[in-house]
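Colleague: This is a predicted model, with the sequence first.
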Amino acid sequence: MSRPERQGRLELDAPLRRPLPRPDAEALVALLTGHALARPPAHPLFSVPEASAVLMGESLDHLTHGSRILQEEDGPRLCASASLPARPGLMEAALDWLGGLLRLEPGEVAGFTVPAGSHRHDVRLLVWDGGRLRPLGALPDLRAGALEGGCSMEAFRRAAGLPDVGEPPGVLRPVMRRVALAQLRRQALPVSQALLDGAFDGQVLFRAWLAAAAEAAQGFTTAAPPLALHVA
């Protein structure tokens, strides 16, 4: 018997619009609590039986940690972490509906997805383009610190004038928005060729820096949390 296709993953962390239309607010609460909806919003997402898994789906394929609404000083915030069944169109419909509930500025990184059928670290960052959430392209494998035979990440960062991802979020976020918007628009950002130490694919390495910055500033990662050892 063949193994079922690996599920997708959805991660979001973004403020909610205020006020939300009542049908959307009721649907959001229902999805978070597992309750059935008597009158779902008029959106294609709710015509799919698997819609109930959009915020609370779990599987052995991903290290998700559930979804919730946090009440913060500047308003409610949606923190979503769920596995989505490999149903064609489900992820796209979920992003379309959920994106309309969020309060974001163009270029903000709101989370990431892992496509169904892909390996669990195949992250696609989600960026708000001013009207909807859009996933960026795949990230390179930089476990060796550089693309095979190519430029190192550190040399590229200096050549592109990007801050170190260890800088405070207030320093990172404006640069992240600039890089994310350039990615959406397929625009080239300036890079000093003299500072590079190998061949490079600028678009791919800008995405790699953006992913590292999003992990540092916003905690977006597929890595398992460190184990906490409690000694009696």
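Modeller: That came through, no problem.

Colleague: got the residue ranges for the strands in the chain?
Modeller: For the chain, the strands defined by DSSP state E occupy 8-15, 68-72, 75-84, 109-114, 124-128, 133-135.

Colleague: Determine which of those strands approaches residue 214 most closely.
Modeller: strand 109-114 (4.9 Å; CB to CB). Any C-beta I mention is one placed from the backbone N, CA and C, and that applies to glycine too.

Colleague: Which of the strands of the chain sits closest to residue 173?
Modeller: strand 109-114 (8.8 Å).

Colleague: Output the contacting helices and strands for the closest one.
Modeller: strand 8-15, helix 90-99, strand 124-128, strand 133-135, helix 202-218 (3 or more CB pairs under 8 Å, 6 or more residues apart in numbering; DSSP states H and E).

Colleague: returning to what we had before: mind putting the strands of the chain into JSON lines with mean pLDDT, mean neighbour count and distance to residue 161?
Modeller: Listed next are these as JSON lines, based on pLDDT from 0 to 100; neighbours: other CB atoms under 10 Å; distance: least, CB to CB, whole Å:
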{"stretch": "strand 8-15", "mean pLDDT": "95", "mean neighbour count": "24", "distance to residue 161": "27"}
{"stretch": "strand 68-72", "mean pLDDT": "93", "mean neighbour count": "11", "distance to residue 161": "32"}
{"stretch": "strand 75-84", "mean pLDDT": "94", "mean neighbour count": "20", "distance to residue 161": "31"}
{"stretch": "strand 109-114", "mean pLDDT": "96", "mean neighbour count": "25", "distance to residue 161": "19"}
{"stretch": "strand 124-128", "mean pLDDT": "97", "mean neighbour count": "24", "distance to residue 161": "20"}
{"stretch": "strand 133-135", "mean pLDDT": "97", "mean neighbour count": "19", "distance to residue 161": "25"}
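
Colleague: CSV for those strands, including distance to residue 35?
Modeller: Converted to CSV, those look like this (distance: least, CB to CB, whole Å):
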stretch, distance to residue 35
strand 8-15, 20
strand 68-72, 15
strand 75-84, 16
strand 109-114, 24
strand 124-128, 26
strand 133-135, 25
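
Colleague: ok, what's across the strand from the most centrally placed residue in the chain?
Modeller: Nearest to the mean C-alpha position of the chain, by CA atoms, centre = their mean, lies residue 112 at 1.6 Å. Beta-bridge pairing for residue 112 (DSSP bridges): residue 11, residue 125.

Colleague: The strands of the chain: which one's closest to residue 53?
Modeller: strand 75-84 (5.9 Å).

Colleague: Each with direction, which strands does the closest one pair with?
Modeller: strand 8-15 (antiparallel), strand 68-72 (antiparallel).

Colleague: Tell me which of those strands lies nearest to residue 180.
Modeller: Going by CB to CB, the one of those nearest residue 180 is strand 8-15, 13.5 Å.

Colleague: rewinding a little: residues contacting the residue nearest to the centre of the chain?
Modeller: 9, 11, 123-126, 135, 214, 220 (CB atoms under 8 Å, 6 or more residues apart in numbering).

Colleague: Where does the prediction get shaky in the protein?
Modeller: 1-4, 141-149, 224-232 (pLDDT under 70).
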